[in-house]
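Engineer: Requesting a structural model of the entry that follows:
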Amino acid sequence: MPAQTYLHLITGGARSGKSRYAQQLARGWSETPVYVATARVWDEDFAQRVSHHRQDRGPEWTLFEEPRHLSRLPLANQVVVIDCVTLWLTNFFVDTRQDVPQSLHRFKGEIDALRALPGRFIVVTNELGMGVHAETAVGRAFTDLQGWANQYVATQADAVTLMVSGLPMPIKTPP
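Structural biologist: Next up is the predicted model:
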């Protein structure tokens with residue numbers, strides 16, 4: 001396993017193939033990758049989505065479900081898929097009663113802590129700002145939070161890939 005940190009951000013729209021691509025990368029780097037699910041299951045529809053994602057992965061995967069404090073998990077020297085920033089941010093956003101600066105601060109702290117761990121981290125996120133303009137003030141605040149969080153991870157990342165219609169488009173490549 002690597003003694004240094006490698007961070008790869010995979011971004012794109014809904015159903016663009018982000019998770020599938022992240023899992024392919026991880027399986028190419030490790031026979032026993034780790035999957036960190038950041039979601040809270042809010043309703044039956046979402047429970048079905050979670051079940052579908054679980055079925056996509058085989059028994060070789062170690063699964064952790066953690067809504068906020070990923071840096072506390074035993075992830076050092078592992079190949080890790082973190083899926084996804086949007087749901088991770090939602091947890092901070094709800095916990096802080098929609099306080100965007102506080103949510104962003106907590107999120108950045110977690111990214112910094114992960115960046116200090118040796119390992120390969122593949123972080124999946126959504127490009128909310130490329131979609132429809134949010135109708136509500138809360139929706140717009142969350143879209144802003146997501147955009148700033150994505151920018152922060154991208155600056156910290158060694159590589160960034162934009163997924164478009166299932167195709168990976170390199171945006172930032174390692175030196």
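Engineer: so Y35 sits in a strand?
Structural biologist: Yes: assessed by DSSP: H, G, I helix; E, B strand; the rest coil, Y35 belongs to a strand.
Engineer: OK, contacts around P174?
Structural biologist: Y6, D158, A159 (Cβ atoms under 8 Å, 6 or more residues apart in numbering). Every C-beta, even on glycine, is put in place using the N, C-alpha and C of the backbone.
Engineer: Name the helix or strand for the nearest residue to the second one once chain neighbours are set aside, please.
Structural biologist: In space, and not counting its chain neighbours, D158 is closest to P174: 4.8 Å by Cβ to Cβ, 6 or more residues apart in numbering. Assigned by DSSP states H and E, P174 falls within no helix or strand.
Engineer: cool, and R120?
Structural biologist: Here R120 is assigned to strand 119-124, by DSSP H and E.
Engineer: hmm, who's touching that strand?
Structural biologist: Outside strand 119-124, the residues that reach it (Cβ under 8 Å, 6+ apart) are 1-2, 5-11, 18-19, 22, 25-26, 29-30, 75-85, 114, 153, 157.
Engineer: How far does that strand sit from its chain's centre?
Structural biologist: 8 Å (Cα atoms, centre = their mean, to the nearest Å).
Engineer: what does stretch 97-117 give?
Structural biologist: The answer for stretch 97-117 is 13 Å, by Cα atoms, centre = their mean.
Engineer: circling back to that earlier point, quick one: which of the contacts of strand 119-124 sit in strands?
Structural biologist: Counting by DSSP state E, those place 5-11, 78-83 in strands.
Engineer: so can I have TSV of those showing pLDDT?
Structural biologist: Converted to TSV, those look like this (pLDDT from 0 to 100):
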residue	pLDDT
T5	93
Y6	96
L7	97
H8	98
L9	98
I10	98
T11	96
Q78	97
V79	98
V80	98
V81	98
I82	98
D83	94
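Engineer: Export the residues you listed as TSV, with columns for neighbour count and distance to M130.
Structural biologist: Shown next, in TSV, are these (neighbours: other Cβ atoms under 10 Å; distance: Cβ to Cβ, whole Å):
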residue	neighbour count	distance to M130
T5	16	28
Y6	16	26
L7	20	22
H8	21	20
L9	25	15
I10	29	15
T11	24	9
Q78	22	31
V79	22	28
V80	25	26
V81	25	22
I82	29	21
D83	22	19
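Engineer: Which one of these is nearest to E110?
Structural biologist: I82 (9.8 Å; Cβ to Cβ).
Engineer: quick one: the closest residue in space to S30 that isn't next to it in sequence and F121, what's the gap?
Structural biologist: Distances taken as Cβ to Cβ, 6+ apart place V79 nearest to S30, at 3.8 Å, with adjacent residues excluded. Remark: distance between V79 and F121 (Cβ to Cβ, to the nearest Å) = 8 Å.
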